[in-house]
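Engineer: Sequence and predicted model, in that order:
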Amino acid sequence: MVSNKCAENTPATPDLIKALYSQSLRRRLDATEMLVQRGDNTIIPALVDVIYSDQLEARCAAIFILGQIGDATIIPILLDVMHIENGLLEGPVVIALGDIGDISIVPDLLQLLRDNYRIGTGVRDTIKALGQLGDARAVPDLIEILNDNNDLVAEAAAQALIKIATTEAWVAVIKFRHPEMSTSEALAAIENWRRDQEEI
């Protein structure tokens, strides 16, 4: 329980929201941390106001906080923000969506992944978010990305597949790591691993 003295020394929510606009990185980080710790849905409207403001750093901080609060009702607003201003806030929004953890967002993320992959823009945040959500619908797209010429992108897809952890995902990762292995050999390796886990 927070003592009265500690409560008196804790900045009020409006002051913390205001601090998100500060030119001081330290003040912004401190305010962000305190608002995340507060984790109170009642601050969502104030944070929404921030993400529609004209200060990029404040907007990114507000999006991060909303992701940490984890309220799925904010998803439509985050999707709206993601598609304005030529995708300026796309990365922070995608990360927040992964943090919220609502699998209803998977089709939107898959479409974003396909669109960005086609035009050659950054996809690693989207790949990571899909891995966090752990939905098998992402597996075919992620398997395809294992063939990417960019090692960092391919590795991100492998890590996402590991988190999704379906048999199809595991087979793809094993063959990605060991190209000499056949599908049947990969399946046998998975079965042996599962058997070992049951014996532990």
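Structural biologist: Ah, there it is. These numbers come from a predicted model, not from an experiment.
Engineer: In the chain, where is pLDDT below threshold?
Structural biologist: Counting by pLDDT under 70, the low-confidence segments of the chain come to 1-10, 119-121, 200.
Engineer: ok, L79 - contacts?
Structural biologist: V93, I105, D108 (C-beta atoms under 8 Å, 6 or more residues apart in numbering). Just so you know, the C-beta spots here come from the backbone N, C-alpha and C atoms, and that holds for glycine as well.
Engineer: try 6 Å
Structural biologist: Contact analysis of L79 by C-beta atoms under 6 Å, 6 or more residues apart in numbering lists nothing.
Engineer: Distance of it relative to V123?
Structural biologist: With distances taken as C-beta to C-beta, to the nearest Å, L79 is found 17 Å from V123.
Engineer: surely T126 meets L113?
Structural biologist: Yes - judged on C-beta atoms under 6 Å, T126 makes contact with L113 at a distance of 4.7 Å.
Engineer: Same drill for the two, tell me which one is more crowded.
Structural biologist: More neighbours surround T126 than the other of T126 and L113, with 29 against 22 (other C-beta atoms under 10 Å).
Engineer: Give me the contacts around whichever helix or strand that one is part of.
Structural biologist: Assigned by DSSP states H and E, T126 belongs to helix 124-133. Under the contact criterion C-beta under 6 Å, 6+ apart, helix 124-133 has outside partners 91, 94-95, 97-98, 103, 106, 109, 112-113, 138, 156-157, 160, 163.
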